[in-house]
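Trainee: Pasting the sequence and the predicted coordinates here, then a few questions.
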Amino acid sequence: MLSIEGLYKRFGDKEVIKGLNFHVPKNSIYGFVGTNGAGKTTTMKMVLGLLEADAGTILVDGERVTYGNTDTNRGIGYLPDVPEFYSFLTTREYLALCGRICGLSDKTTKTRAEELLERVGLAGEKHRIKGFSRGMKQRLGIAQALINRPKLLICDEPTSALDPVGRKEILDILKEVREETTVLFSTHILSDVERICTDVAFLKDGVIALEGTIDQVRTLKSNGEFLVETLNPAGTEALCAHFPNAKVSGEQVVTLTGNDDEMLKVMAFLSGNNIPVLKVERAETSLEDLFMEVTKHE
Amino acid sequence: MNNVLFTWIRKEFTDSWRNGRLIIFLIVCFGVGLMNPITAKLTPMLIEMMQDQMKDMGIVYDPPTITALTSWEQFAKNIWIPLLVFVLMFGNIFTKEYGAHTLTPMVTKGLKKTTILWGKAIQLILVWTAGYAVYFGVTLMYTEYYWGTEDELMRRVWDMTAMFYLYSLFIVALLVFFSVLWKEFSGVLVSMVTVLGLDLVFGMFPKVAKVLPGRISSPGLLLQKGYEDRYEYAMGDFAVPFVVTLVVIVVLFVLSTILMKRKSVD
Ligand SMILES: Nc1ncnc2c1ncn2[C@@H]1O[C@H](COP(=O)(O)OP(=O)(O)O)[C@@H](O)[C@H]1O
Ligand SMILES: [Mg+2]
């Protein structure tokens, strides 16, 4: 849906994006993760033709993005990081304006607007945008971005400024719209990614440090650790004595490394020696850990 | 007419209607326009009131004759007030959107930056024209009612009204141009004041003054005594700065359009 290759961008003598490559598959929810100032907004603005790239190609559905009035924007819906709308209009008037600008007929716009307001939970809102909270603006932001049924929805940190309830609402909406569009959203909140994303990329030092489906990324980095928690200290001692790579990692908890065969051997040893166990489990690497690992300074 | 441009202009008018600026501006134009004949009307009364005092002091004074001309002189003197109010009230229609980032969703939906520019420029011209028409109309109505303007004077009134209208379009063109160039309204204002200041400074050299737009900024000259005999001459005198101003306006709009295409508005 979106593919970026060899993208470069500098502001003055500060190189922000240094040869970025990544690919957003169709119908994915793609998490674009990076710390504050990593260059997420910069990258998105280049995809929208709002900023001029120094080098590289950006393709949206196979069509090349150019700086200025790029035609590729026809197929993109964009929710900026701090969305601001005309406060003197009501939600319906605003969406009508958006529809006209997209070249939709008034009738199409009207039905679409009602459908979207319903989806984002603003259908009962008859007032002007003036007094809207951040969360309401984000939801209206998603509605305006989807007005022309874009193939790609780009959201810049849609959840960062919201409380947990507001965040959940936005994430639920993004999850729902996946049926009709590909979603690319940036964030620095890892739990958001774990909740809804199918794919993820970590941006660090101007390049993608890690990219793939959530499952791929997890197994890629899971280094085959598994835990054994025994019922009594004797079991812990016996394990450590028998397996040289065993490490005590808690009270009666032993961490071992190895593939499934190794794990089976451990389990055979446990049953062969009648060692009572509370649990044996593979260690799941959380994205949080992964992110820390990827972004830690060497 | 271009459907998107029309939508855009309508959005601008909704804004200025709902935030009250449009109506306030028109009321100010009405009020200042009304003041011209009223001031003229009240002058003899004021002088009469002071006459007794003056007599005591030994000053004898012929009460001036008040005619339509007095009212039109007031009109010429106060003509810059509506324009100044207009610039201060509507001058930020570009820069307030840059600051609020409200254009980003529009541009990413395919709204052309030149449409933004022309929609706003047309809104500015329409609002200003309406206010100027009210200012002129009110003065005309009351002046006719009190004194009646003779044809010869009326011809000059039309000339000076048209002359200053062109000058005001020059101001609007400057406003648009600097609004494309800068992000902040303060920058726009400082630049405009600078240009008008330069116009004033160079206006002090008679040779240059004859061709500068500043020449047509004081249309009251067209009402001056002895002007009747020199009508043809005077019109010739104003012709050059008139054409220069016209050219400058066109150039400013062309430059604005070119620069707007390259401008980042998000
Ligand atoms: N217009 C600009 N001029 C100069 N530096 C900029 C500009 N925009 C962004 N930057 C710099 O580029 C870096 C990346 O910014 P940004 O893309 O906003 O990060 P993110 O969205 O990931 O938090 C930051 O260090 C920021 O200071
Ligand atoms: Mg950002």
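Mentor: Received it, and whenever you're ready, just let me know what you need. Numbers count the residues shown, from 1 in each chain, chains lettered A, B, ... in the order given. Ligands and ions are numbered 1, 2, ... in the order given.

Trainee: okay, the residue of the stretch 151-266 of chain B found nearest ligand 2: pLDDT?
Mentor: Nearest residue of the stretch 151-266 of chain B to ligand 2: B:Asp266, at 12.5 Å (C-beta to the ion). C-betas here are computed from N, CA, C, even on glycine. pLDDT for B:Asp266: 75.

Trainee: Please apply the same query to A:Lys14.
Mentor: 93.

Trainee: ok, now which ones touch the residue of the stretch 151-266 of chain B closest to ligand 2?
Mentor: Taking C-beta atoms under 8 Å, 6 or more residues apart in numbering or on different chains, we find B:Asp266 in contact with A:Lys45, A:Leu50, A:Pro80, B:His101, B:Leu103, B:Thr104, B:Val107.

Trainee: So the second one, which state does it fall into?
Mentor: Using DSSP: H, G, I helix; E, B strand; the rest coil, the secondary structure recorded for A:Leu50 is coil.

Trainee: Low-confidence ranges, the chain, go.
Mentor: Defaulting to chain A. Scanning chain A for pLDDT under 70 picks out the ranges A:219-223, A:284-288, A:293-298.

Trainee: that's the wrong chain, I meant chain B
Mentor: Ranges of chain B meeting pLDDT under 70: B:1-2, B:59-63, B:225-235.

Trainee: neighbours of B:Val244, just the number please.
Mentor: 17 (other C-beta atoms under 10 Å in any protein chain shown).

Trainee: you'd agree it is up against B:Leu212?
Mentor: Yes. Using C-beta atoms under 8 Å, B:Val244 makes contact with B:Leu212 at a distance of 7.1 Å.

Trainee: in chain B, what residue sits furthest out from the centroid?
Mentor: Distance from the C-alpha centroid of chain B, by C-alpha atoms, centre = their mean, peaks at B:Asp56 (44.1 Å).

Trainee: Let me see the backbone angles for residue 179.
Mentor: I'll assume chain A. phi -60, psi -30 (degrees, to the nearest 10).

Trainee: To clarify, I was referring to chain B.
Mentor: Per degrees, to the nearest 10, the backbone of B:Ser179 is at phi -70, psi -20.

Trainee: Name the nearest residue to it, ignoring sequence neighbours.
Mentor: Computed as C-beta to C-beta, 6 or more residues apart in numbering or on different chains, the closest residue to B:Ser179 that is not its neighbour in sequence is B:Phe94, at 3.6 Å.

Trainee: How about the contacts made by that neighbour?
Mentor: B:Lys120, B:Val176, B:Ser179, B:Val180, B:Val188.

Trainee: dump the residue contacts of the third one.
Mentor: B:Ser179 sits next to B:Gly91, B:Ile93, B:Phe94, B:Thr95, B:Lys120, B:Val188 when contact means C-beta under 8 Å, 6+ apart.

Trainee: just B:Ala100 next, same as before
Mentor: B:Ala100 neighbours (C-beta under 8 Å, 6+ apart): A:Glu84.

Trainee: where's it relative to A:Pro83, distance?
Mentor: 11 Å (C-beta to C-beta, to the nearest Å).

Trainee: For chain A, which residue gets nearest to ligand 2?
Mentor: Among all residues of chain A, A:Thr41 sits closest to ligand 2, at 3.3 Å; criterion: C-beta to the ion.

Trainee: Hmm, A:Thr187 and that residue touching each other?
Mentor: No. Counting by C-beta under 8 Å, A:Thr41 stays clear of A:Thr187, with 11.8 Å between them.

Trainee: which residues are in contact with both of the two?
Mentor: Going by C-beta under 8 Å, 6+ apart, residues that sit against A:Thr41 and also against A:Thr187 are A:Glu157.

Trainee: Pick out whichever of those two has more residues nearby.
Mentor: Taking other C-beta under 10 Å, A:Thr41 and A:Thr187 do not tie; A:Thr187 has more neighbours (23 against 19).

Trainee: you'd agree that one is up against A:Asp156?
Mentor: No. Between A:Thr187 and A:Asp156 there is no contact under C-beta under 8 Å: 9.2 Å.

Trainee: shared neighbours, those two?
Mentor: If you check A:Thr187 and A:Asp156 against C-beta under 8 Å, 6+ apart, no residue is contacted by both.

Trainee: moving C-terminal of the host helix or strand of B:Thr194, what's the next helix or strand?
Mentor: Element membership for B:Thr194 (DSSP states H and E) is helix B:185-202. On the C-terminal side of helix B:185-202, the closest following helix or strand by DSSP H and E is helix B:206-209.
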